[in-house]
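Trainee: Any chance you can model this:
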Amino acid sequence: MKIVLVTGGARSGKSTFGEKYIAELADRIAYIATAIPFDDEMKSRISHHRSSRPQEWTTVEKYFEIDRVIPSIAVEHDGIILDCVTIMVSNMMLEAPDVDWDQPDPARINEIQEAALEHAKAIVSAMRASGLSGVLITNEIGMGIVPENPMARAFRDIAGRVNQAIAAMADEVWLLVSGIPVKIK
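Mentor: Predicted structure coming up:
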């Protein structure tokens, strides 16, 4: 049993690497997809991801309360890949009620961040408690310029802190750069 975080920039090869990695750790794999098909572009991305992974994998489409479904997943699976943490965070932000993203209340941003941190920690804890190997895919988004708008800054900050929390709990952390995996933990 092993928990692995795979991070990197957009189109760095994270998902491909993560899918190969979980296939080495487990035989019966559940794929937790966190994306919501809200427009044609996202539908196309989801379709591409579906077609690229093995058909025998079970797909669970969920981005919230993932920790609650992990025990039932563990009944018939020995591995989970979650793709992706940053989309999970953005969905949590977008569904947060009463937030004016043009002028967000710092206290409200902190509440959203705490909920995202709790959720991420609960996912890793549930994987460990269920005896599942897990690969969590995320984006490394903090290496660029400071975003211009408040929502993008909040997303960068929340996702960065969630990534840190998962990395601290993970057995291994891999960074993908131009398709090349670099083990950092």
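
Trainee: gap between I73 and I36?
Mentor: Note on I73: its distance to I36, by CB to CB, to the nearest Å, is 20 Å. For every residue, glycine as well, the C-beta is placed using N, CA and C.

Trainee: which one of these two has more residues nearby?
Mentor: Neighbour count, other CB atoms under 10 Å: between I73 and I36, I73 has more, with 22 against 15.

Trainee: now the helices for this protein?
Mentor: 14-25, 40-52, 66-76, 85-94, 106-130, 150-169 (DSSP state H).

Trainee: and those helices as CSV, adding distance to G179 and mean pLDDT?
Mentor: Below are the helices of the chain laid out as CSV (distance: least, CB to CB, whole Å; pLDDT from 0 to 100):
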stretch, distance to G179, mean pLDDT
helix 14-25, 8, 95
helix 40-52, 15, 74
helix 66-76, 28, 95
helix 85-94, 19, 94
helix 106-130, 26, 97
helix 150-169, 20, 97
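
Trainee: among those, which is nearest V60?
Mentor: helix 66-76 (6.3 Å; CB to CB).

Trainee: and the angle from that closest one to helix 85-94?
Mentor: 140 degrees (axes from the mean of the first three to the mean of the last three CA atoms, to 10 degrees).

Trainee: start the count at 24, not 1, going forward
Mentor: Yep, numbering from 24; the last one is helix 89-99 now.

Trainee: How much space separates Q126 from A119?
Mentor: 15 Å.

Trainee: These two - which one has more neighbours?
Mentor: Taking other CB under 10 Å, Q126 and A119 do not tie; A119 has more neighbours (16 against 7).

Trainee: mind listing what the more buried one touches?
Mentor: 131, 135 (CB atoms under 8 Å, 6 or more residues apart in numbering).

Trainee: what about it, distance to R179?
Mentor: 16 Å.

Trainee: most distant residue from the middle of this protein?
Mentor: Distance from the centre of the chain peaks at Q126, with 26.7 Å (CA atoms, centre = their mean).

Trainee: What is the neighbour count of the closest residue to that residue other than its chain neighbours?
Mentor: Excluding its sequence neighbours, the residue lying closest to Q126 (CB to CB, 6 or more residues apart in numbering) is P173, at 6.8 Å. Using other CB under 10 Å, P173 has 16 other residues around it.

Trainee: Check the contact between P173 and P127; I expect there is one.
Mentor: Yes: between P173 and P127 there is a contact at 5.3 Å, judged by CB atoms under 8 Å.

Trainee: Let me see the contact set for the closest residue to I132 other than its chain neighbours.
Mentor: Nearest in space to I132, with sequence neighbours left out and distances taken as CB to CB, 6+ apart, is A177 at 5.0 Å. Counting by CB under 8 Å, 6+ apart, A177 touches 116, 124, 127, 132, 135.

Trainee: hmm, back to that, residue contacts, the residue nearest to Q126?
Mentor: Per CB under 8 Å, 6+ apart, neighbours of P173: 124-127.
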